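# here is my input, please return the structure:
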Amino acid sequence: MTTFSAVSSTAERLDCLLLADGAQARCEGNLRDTVVQLRSEIDLIEIKLVAVEHGNNKISQDAKKKITQLAYDIEGSVESYARDSRRKLGGGLFQCVFKARSLRKDIHTFRRRIDKLKKINITRNSNTNSNSLSAAVEPPPPPPQSADNEVGLMKLLLGDESKLSVVALCGIGGMGKTTLAQSVYNNPLVSEHFDISTWASVGNSFQASGILEGILSSLVPAHELCGMQLVEQLFKILKGRRYLLVLDGLSYSEDWDAIRSAFRNDNNGSRIVITTPSMDMAHRLTTNVLQMQRLNEDESWELFKLRSGLLDDPGMQVNPDIETIGRTIASYCGGLPLALTVIGSTLRMKNLENLKEMSSILSGDLNLQDRESALSLSYNHLPLHLKPCFLYLGNFPKDEDIPVEKLYLLWMAEGLISTRALNNRTQMEVAEVYLSQLVDRGLVSVVNNGVSAPTRFISCHLHDVLHDLCISKGKQEDFVQVIDFRHQDKIRSSSRRLAIYLNEFEGTNNYVLLNIRNARHIRTMLFYDKDDESVTWTRKVPGLTEFQGTRVLDFDGVDFRVKKLPRGIHKLIYLRHLSFQGCYLHVFPSSFSNFPFLETLDLRVRVSCLMAIPNVLWKISSLRHLYFPLAFRVDTNDKLKLYTLKKLQVLENFNGELCDANDLLQLEKLQILTGVVQSNTDLKNIISCMNSNKFLRHSSLEVKYFYSGSKERRSIVASLLECNSLQNLDFEGYLGVIPRHGSNSFGNFTSMVFNGSKFSEDPMPMLGKFPNLRSLVLCKDAFVGKKLVCSEPDHFLRLESLKLATLWYLEQWEVEEASMPSLTSITIERCNKLEALPIGLSKIPTLQTLVIGSMPGEFQDKVKKMIQGQQHLDNQKLLVSFY
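Sure thing, here's the model as predicted:
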């Protein structure tokens, strides 16, 4: 798999740099013919690897290593030629000839090595391991829970016992502890029983302060947090309230001891649920222990049927032959819900022959009762393009959510997203398809993104058992190595990818990285520092001068306030991906503008860090993805120049005060644009960019301090509201009225915020006409009239979320039946003159949450009275919260 991804990536690199139209160092004449011949040889290797993967043959590990090394050597030679071709030709014609001759000589050597590889014997694989099982199209339904387990947990949570009690769900990984806890946590009866419900994922990298801060932030708005000790603050907030807390993944009693004093016992029926793999720890903490049991034969079969799609047509009877084989497969999973889910999802919508094939494979595995052996089969049956994508998830720290945008960028930088699979889609879109296919197979869980975002998902999560599988398979295939300095002082792996957890080598040799063998062969270095107990990064990172083959360098959460950046980064001339996301870095070094192949630059440092950026970004003409910090500064009076970044596809956090908005008109390949502007001229330029760019598919804009006091300014806003490529608009400033649309066009807005707009007329009739609007916020005197009316049945058809905040003059709000038919969430905050909620809200069947914040007591009493009993509100699932 590692070999295939290396060969595939090298083939695409040849096309990108030497052969394609507009290539960075396009070859012509005889040299081009030589490169084309090499490209054909690589194609043959790729075809043979695919045939081996799908057939019954295999090649030795030694042969795989030689092919992998060959692929990377070819890539290195090609990139070296392309880099030299970019430089000023000080040597004139002689230098050009010399470079071409050097490349031709390298290619001749590569073809000799390929000839030797052709003589490698391909042997018959005794264990047939076909990969003919293709991707599922539809995501599988959620797994059912054991009725006994769910009922038992519900009784413990809703019972009459008044004192605070702890309930422990215990069992090995893959038994369904978290799934059971989630099912009960989301049960309406449980939600209504407790005043407060909160969930915290603990994991192996336990940090007491991080857990407590996470719980606090879920209970109160961030601005209400003060400098008190976290334990005292949480203790105060929970006073007098019946609360439910779930601590998912608690493994050590010491971790519980570090936070238990924050949870008070007011003898009001509060409960704490802990999921843990440790039976000893569970019994030390509580007598209320639910031991998760393996599923019996019938339960295993029912879950397998559900996951494999055999129940998709309720009216269809399962073929007896399929049931016989299916029950056999289910029995091999040893009653483990996770194994049943993953293998069932792998076989989703497959025919009898596919089931027979899987049964044959399973029956030949003597160790199948081992959960990892069962799960390994699902990995083995992944298509070739998904295997490296799945293994890459093992780079990320265990039990942590993985931001999908970061994951996609890393996949792309590693060459794991094939440009040959685009079919008029972007690489980001293909990456999302790949992740969806992993989700369909039950290997990854995801969190959907908000109302409007460039990606469908916001994060993904890997079960700890599957994370272990990624690590073990990654080691077997030399794909990745996770560095844990607590247990090693020298890296002996032949892996070319290193994931380095900086917060895990307390008391060890700080210079351990200097001992890495063959540093020039390392292609990826991912640094993670999540030590929330320390405000500075106290470990020494050595120089990276020796790591000149590095293509991906990613710092995540590293604090550079005390320790400087590792020396030698500017010498990593082959870098494609450089990220400082979540770091503390005050200054972006000018020397980092000399990377000829850099495609992704992520400068999204911590919000509290104000980064200084010199005017050098225009030099990195190869950039495709540029992420500015949320807040940054420029040392000179000149704005940052971006006009040379002709390949740029993603530009986020653009600031019109610090960057030249006129340059946006030169970025004709932009696909995603987010930013903030203030001046009329900048806003005009951005509107022109959005209207003229045929590739732009998503944009978000924050307009600040705008004053629409003239006809010209109102016309600018009217043009803004007609932009079809603008999805999210956050508008701050005076408008008075919503400018009328001369073209009768209402754009593609999905999210709109109006702040301080001072609409004198009811804006709802106009805003309701935006057909795709899903989220609307009116705040800080966005409306200065007394009455809002939502009455038209064809308005706000897709609106899901509505927030009215600090509308000091609002007294009445009317909602007619059939208006806002998709609304799920309403927030009312600091509208002190508002008399009552509209009765029409009771006619919206989709409404799920109602949040009342800082409203007068009289208004709150009316709301409570309104929701009591079904005679006033038909929706039993409505959750109401006050703060």
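# helices and strands around the strand of greatest length in the chain, which ones?
Identified as the longest strand of the chain according to DSSP state E is strand 698-707. On a contact count with 3 or more Cβ pairs under 8 Å, 6 or more residues apart in numbering; DSSP states H and E, strand 698-707 meets strand 672-677, helix 680-692, helix 711-720, strand 728-734. C-betas here are computed from N, CA, C, even on glycine.
# ok, Ala208 - contacts?
Asp255, Ala258, Ile259 (Cβ atoms under 8 Å, 6 or more residues apart in numbering).
# about what we covered before: would you mind finding the most buried of the helices and strands packed on strand 698-707?
strand 672-677 (a mean of 22; mean count of other Cβ atoms under 10 Å).
# same question for that one, mean pLDDT?
Mean pLDDT, strand 672-677: 95.
# and if you look at stretch 807-819?
Mean predicted lDDT for stretch 807-819 stands at 92.
# now swap in stretch 104-115 and tell me
Rounded mean pLDDT across stretch 104-115 is 89.
# gap between that stretch and the chain center?
Here stretch 104-115 is found 41 Å from its chain centre; the criterion is Cα atoms, centre = their mean, to the nearest Å.
# at the geometric centre of this structure, which residue do we find?
Among the residues of the chain, the one closest to the centroid is Val404, at 2.0 Å (Cα atoms, centre = their mean).
# now for the helices and strands packed on strand 698-707, which one comes closest to Trp199?
For the helices and strands packed on strand 698-707, the distance to Trp199 is smallest for strand 728-734, at 28.0 Å, taking Cβ to Cβ.
# for that closest one, packing partners?
Right, strand 728-734 is packed against strand 698-707, strand 751-755 by 3+ Cβ pairs under 8 Å, 6+ apart.
# lowest average confidence, helix or strand, in the chain?
strand 123-124 (a mean of 54; mean pLDDT, DSSP states H and E).
# my read: Met611 touches Asp635, true?
No: between Met611 and Asp635 there is no contact under Cβ atoms under 8 Å: 11.0 Å.
# run a quick neighbour tally on Leu216.
18 (other Cβ atoms under 10 Å).
# tell me, please, where in the stretch 201-350 of the chain the pLDDT is lower than the cut-off.
203-207, 218, 220-229, 310-319, 322, 332, 346-350 (pLDDT under 70).
# redo that, cut-off 80
201-214, 216-233, 251-254, 278-281, 284, 287, 293-295, 301, 304-336, 338-350 (pLDDT under 80).
# where do the helices of it begin and end?
208-219, 230-237, 253-259, 279-285, 297-308, 320-332, 337-346 (DSSP state H, counting those that start in this stretch).
# so which bits of the first one are buried?
Within helix 208-219, the residues scored as buried using 16 or more other Cβ atoms under 10 Å are Ala208, Gly210, Ile211, Leu212, Glu213, Gly214, Ile215, Leu216, Leu219.
# quick check: which ranges of the stretch 451-600 of the chain have low pLDDT?
451-455, 483-494, 502-519, 530-543, 562-564.
# switch the cut-off to 50
486, 506-512, 514, 532-540 (pLDDT under 50).
# quick revisit: so what touches the longest strand of the chain?
By Cβ under 8 Å, 6+ apart, strand 698-707 touches 452-454, 671-678, 683, 686, 690, 713, 717, 720, 723, 725-735, 751.
# residues contacting Leu645?
Leu617, Trp618, Ile620, Ser621, Leu623, Leu626, Leu667.
# state the pLDDT value of it.
Reported pLDDT for Leu645: 97.
# next one: it relative to Cys659, how far apart?
11 Å (Cβ to Cβ, to the nearest Å).
# which residue is the nearest non-sequential neighbour of Leu285?
Leaving aside its chain neighbours, Leu285 sits nearest to Val166 (5.6 Å; criterion: Cβ to Cβ, 6 or more residues apart in numbering).
# actually Leu247, not the one I typed
Using Cβ to Cβ, 6+ apart, the nearest residue to Leu247 is Ile274, at 4.9 Å.
# does the one you found have beta-bridge partners, and which?
Residues in a beta bridge with Ile274, per DSSP bridges, are Ala168, Leu247.
# that one: neighbour count?
Ile274, neighbours per other Cβ under 10 Å, totals 25.
# among the contacts of Ala208, which one has the most neighbours?
Most neighbours among the contacts of Ala208, by other Cβ under 10 Å: Ile259, with 22 neighbours.
# measure that residue to Ile215 for me?
For Ile259, the distance to Ile215 equals 9 Å [Cβ to Cβ].
# if we can go back for a sec, which of the three states applies to the residue nearest to Leu285?
strand (DSSP: H, G, I helix; E, B strand; the rest coil).
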